[in-house]
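Trainee: sharing a sequence plus its predicted fold:
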Amino acid sequence: MQELTTVELRPEAGAGLADTAGFSPPVVVTRPARTQSTSPLRHRLPAAASQSLRIGMRLLGEEADHGRLLLVSPVFLGAGAAFWFLAASDFPLVASLLCLLVLTVAVLIASRSRAALRATLLALALVACGVVSAQLESRRASTVIFDSAVTTTVTGRVERREGDGRGRWRYILAVTGTEAPEVKRPPERITAIARGAEAPFEIGDIITGRARLTPPAGPALPELNDFSFGAYFDGIGANGFFYGAPEKVDLQAGPQAARSTWEALLEGLYRLRSGIGDRIRSILPGDTGAFAAALVTDERRAISNETTEALRQSGLAHIIAISGLNMALSAGIFFVGFRMLLSLFPGVAQAYPTKKIAAAGALLAVTAYFLISGFAVSAERAFIMMAIMLIAVFFDRPSISLRNVALSALVIIAISPSEVLGPSFQMSFAATLALVSGYQLWKDRGIRENAFLKLPVFRPIVTVAGFFGGVFLTSLIGGFSTALFSIEHFHRLTAYGLPANLATMPIISFIIMPAGLLAMLLMPFGLDVLPWKVVGFGLDLVIAVAKTVSGWGGNIDVGRLPAWYFAVAVAGFLLLTLLCTRLRHIGTSIIAVATLILLLLPVPRPPDLVISEDGGLVAVVETAAMASNRERPPDFIFDQWQRALVLPTHHPPKMLEGPAIPPEGEDRRVRLSRDQQNEARSAMRAAATSADANRFSCVKKAWCTSRLGNGRVVAVIDNAAYLGPACDAADIVVTSVRLRFNSCRSGATLFTGETLRRTGSVELRFADAGLDVTAAFDDLSRPWMRHRAYDWRSNSFAESGPPSVSDSGE
């Protein structure tokens with residue numbers, strides 16, 4: 001029998017006024033009381049947990065009402081793209097399309113009353129859409145990448161050019177032919193550096209010359225950045241340099257590549273871009289002019305290494321890139337200036353929507369800025385974001401909102417899904433998300449309603465304090481939001497980036513960008529000299545700040561992060577920035593707990609030996625230093641090793657006077673006599689025994705040996721003629737020569753140019769069970785890796801799996 005409960009319903013205040021007696025009697029309603037059997041959840045959960053659940057559900061409802069489902073859609077779309085790019089192997093496009101179709105139908109037929117189910121299906125559909133977008137982009141690129149280094153005579157049309165200020169020019173060439181030898185799989189586009197020419201070649205010229213071409217570099221170490229991935233989606237199949245100055249080919253006599261209307265239009269834009277850069281550098285010489293040209297055309301190579309390093313160490317390198325800061329300042333300055341100009345005419349201001357007219361003008365300005373910037377990735381993202389924000393003005397929507405950031409992210413991921421894995425995309429959107437979220441909190445701060453601060457006497461103080469407070473918070477939020485991604489991709493932090501940005505932001509906002517915008521507007525009339533001088537003055541101040549701050553030191557090398565930590569920390573960051581209720585603090589808790597676990601867990605064991613992907617550079621890893629086989633190791637690879645392993649000290653090899661027994665003519669195909677082999681073997685053993693442990697001893701252009709702390713001997717062979725003695729004298733042999741076999745008869749472990757081409761860079765760790773080998777690539781089935789499995793002799797692709805490294809004598 002159910003219990004009865006009585007509920008007394010009283011009228012609201014004032015309701016009795018309609019009654020003649022001024023009073024309404026209570027209404028008594030009898031209804032069955034709820035029993036425990038009708039509320040099983042409350043019976044099972046403690047009261048505190050039940051209360052927390054109700055609060056959580058209410059907060060989730062608030063997030064949904066605020067449109068947070070739209071804000072997280074780029075996260076799922078990008079996660080699908082990243083999942084496909086990071087997958088160990090490829091899978092059929094048809095299966096992905098069927099999965100997307102099924103999920104789309106499920107979303108359409110799902111009941112609207114089941115919001116949780118519908119949201120889950122929509123999230124899965126976005127993940128599948130990201131996978132399909134990534135596959136389609138990979139097929140659309142279809143870039144042919146060189147399989148190995150080659151010296152050939154290359155002919156191509158100049159599509160882009162960029163000088164470095166030291167007489168060298170970097171050209172992007174559309175390849176029209178190769179000879180001596182003729183390459184069987186020529187790439188469509190290459191980058192080549194040329195020096196020695198009296199004047200740079202113009203865009204559209206066809207040039208030819210003897211060049212050394214190499215494939216784009218893979219990861220310097222396993223889990224580091226794969227540069228061939230970016231080159232594949234940029235359409236660049238090889239990098240190299242010309243031997244001497246190339247020559248211009250007569251358009252009538254030389255081979256010509258067919259060009260579409262779009263390619264001809266791009267060529268005209270690049271020609272205009274180069275002309276603008278030359279004009280700026282003719283007015284502002286040295287690093288100042290190179291810096292100014294970089295802000296407009298994104299040509300950065302002309303800036304000296306000293307200034308570039310100072311900007312990087314001081315945390316000001318983002319100024320060079322045409323990114324959100326440059327686009328926002330240019331659009332904002334044009335928008336405010338144009339609107340103020342229109343307001344000077346009362347008739348126009350009263351008859352027309354000046355705000356929307358100014359937004360249209362700013363949109364045209366940033367579009368022109370993007371077209372002459374060389375279509376850089378950072379500029380593309382910034383342009384799309386600014387375009388969406390300015391278009392929002394046309395529809396009377398707020399420009400600065402997370403919704404606009406989400407829309408721009410959706411557009412960019414749909415166009416270029418591969419950018420999701422790039423540091424530029426991640427850092428750009430991380431900073432934007434954090435700044436927009438911080439802007440919402442700053443705008444809604446309670447101090448703005450303080451009547452005391454609204455007094456006229458305090459208004460100037462409040463205005464000045466608000467400006468500098470905004471600059472301080474902008475620099476602080478931007479620095480903290482990109483710190484995680486800086487560690488992940490560059491393995492270091494800049495300690496003094498905050499004071500450097502605080503000092504330079506007013507200079508950039510009030511001197512450089514306004515004067516630069518005015519100079520660009522006056523350039524067609526030849527009246528741009530004075531504005532560029534003002535820009536140069538501001539840039540000189542920025543360079544001075546950068547060099548001063550970089551002189552303080554402060555770069556913190558962090559090393560590689562575990563993959564799990566980066567994924568978890570990014571998830572926490574997204575919750576913190578995308579949510580508006582108290583649920584966002586879950587993101588803070590996730591980041592804090594993950595960081596605590598990272599600090600408490602033991603540090604992963606570093607490798608004992610690292611080998612570059614071409615076998616030319618080998619280093620022994622110690623506690624606080626690395627010893628390499630090169631007196632001056634290549635900076636591109638060795639700098640990445642030092643940052644990733646946090647080993648700033650380098651021990652160069654000890655160069656031996658003899659016995660140097662190079663074959664006559666240094667021909668790698670010449671064999672050593674038996675006596676020469678015995679002498680070389682004895683010399684290698686003596687060098688390994690007499691030298692300090694974990695140090696290389698080298699005979700130039702012949703061999704290097706090192707005795708490790710565990711007694712193992714490593715030999716690095718520059719000439720294949722010394723392979724036999726090295727296999728007898730060492731336990732591990734490394735050579736850059738591409739041999740047709742991958743093992744030593746003596747049982748020594750052998751790494752050759754051929755095996756390393758397919759495995760990429762290698763890390764070695766000695767364990768009780770044997771040698772632990774970690775390679776950069778375990779499978780070569782992905783489109784940007786397939787060139788490593790190509791065999792030029794048979795003009796075919798071998799099996800996708802890299803060859804195993806044998807440590808047996810078979």
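Mentor: Everything's here; your move.
Trainee: from here on, contacts and neighbour counts on C-alpha atoms
Mentor: Fine.
Trainee: so for the helix or strand hosting residue 139, mean pLDDT?
Mentor: In the assignment (DSSP states H and E), residue 139 maps to helix 115-141. Mean pLDDT, helix 115-141: 92.
Trainee: same for it, what does it pack against?
Mentor: Helix 115-141 is packed against helix 73-86, helix 93-109, helix 227-234, with contacts defined by 3 or more CA pairs under 8 Å, 6 or more residues apart in numbering; DSSP states H and E.
Trainee: sec struct for the closest residue in space to residue 166 that isn't next to it in sequence, please.
Mentor: Among residues not flanking residue 166 along the chain, residue 302 sits closest, at 7.6 Å (CA to CA, 6 or more residues apart in numbering). Reduced to three states with DSSP: H, G, I helix; E, B strand; the rest coil, the structure at residue 302 is coil.
Trainee: swap in residue 153?
Mentor: Put simply, residue 153 is strand when judged by three-state DSSP.
Trainee: go on, the one 5 residues further on?
Mentor: When classified by three-state DSSP, residue 158 comes out as strand.
Trainee: how close does it get to residue 267?
Mentor: Applying CA to CA, to the nearest Å, the value for residue 158 to residue 267 is 9 Å.
Trainee: what do these two both touch?
Mentor: Applying CA atoms under 8 Å, 6 or more residues apart in numbering, one finds that residue 158 and residue 267 are jointly contacted by 203, 204.
Trainee: okay, those two: which has more neighbours?
Mentor: Comparing residue 158 with residue 267 by other CA atoms under 10 Å, the one with more neighbours is residue 158, at 21 against 18.
Trainee: pretty sure that one is touching residue 171, no?
Mentor: Yes. With contact defined as CA atoms under 8 Å, residue 158 reaches residue 171; the gap is 6.4 Å.
Trainee: what sits in contact with each of those two?
Mentor: Between them, residue 158 and residue 171 share no contacting residue, judged by CA under 8 Å, 6+ apart.
Trainee: grab the nearest non-local neighbour of residue 532.
Mentor: residue 519 (6.1 Å).
Trainee: if I read this right, the one you found contacts residue 529, doesn't it?
Mentor: Yes. Counting by CA under 8 Å, residue 519 does reach residue 529; the two are 7.5 Å apart.
Trainee: and the two? Which one has more around it.
Mentor: residue 519 (22 against 17).
Trainee: name the residues that touch stretch 285-298?
Mentor: Residues outside stretch 285-298 that contact it (CA under 8 Å, 6+ apart) are 165, 273-274, 276-277, 280-284, 299-300, 302-304, 307, 319-322, 326, 369, 372-374, 376, 535-536, 539-540.
Trainee: and stretch 593-613, by the same measure?
Mentor: Under CA under 8 Å, 6+ apart, the answer for stretch 593-613 is 218, 220-221, 565, 568-569, 617-622, 637, 645, 753, 756-757, 759-766.
Trainee: centre of the chain to it, how far?
Mentor: Centroid displacement of stretch 593-613 relative to its chain, using CA atoms, centre = their mean, to the nearest Å, is 22 Å.
Trainee: only alpha carbons, please: show it as CSV.
Mentor: What follows is stretch 593-613, C-alpha atoms only, in CSV (Å, rounded to 0.1, in the frame of the first residue of the first chain):
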residue,chain,number,x,y,z
VAL,A,593,47.9,15.2,-12.2
ALA,A,594,49.6,14.2,-15.5
THR,A,595,52.5,16.6,-14.8
LEU,A,596,52.9,15.2,-11.2
ILE,A,597,52.9,11.6,-12.6
LEU,A,598,55.5,12.6,-15.1
LEU,A,599,57.8,14.1,-12.4
LEU,A,600,57.4,11.0,-10.1
LEU,A,601,57.9,8.4,-12.8
PRO,A,602,61.5,7.3,-13.4
VAL,A,603,63.3,9.0,-16.3
PRO,A,604,63.4,6.7,-19.4
ARG,A,605,66.8,5.3,-20.1
PRO,A,606,68.6,7.2,-22.8
PRO,A,607,70.1,5.4,-25.7
ASP,A,608,73.7,4.2,-25.6
LEU,A,609,74.4,4.9,-29.3
VAL,A,610,72.5,6.9,-31.9
ILE,A,611,72.9,6.7,-35.7
SER,A,612,71.7,9.1,-38.3
GLU,A,613,69.5,7.9,-41.2
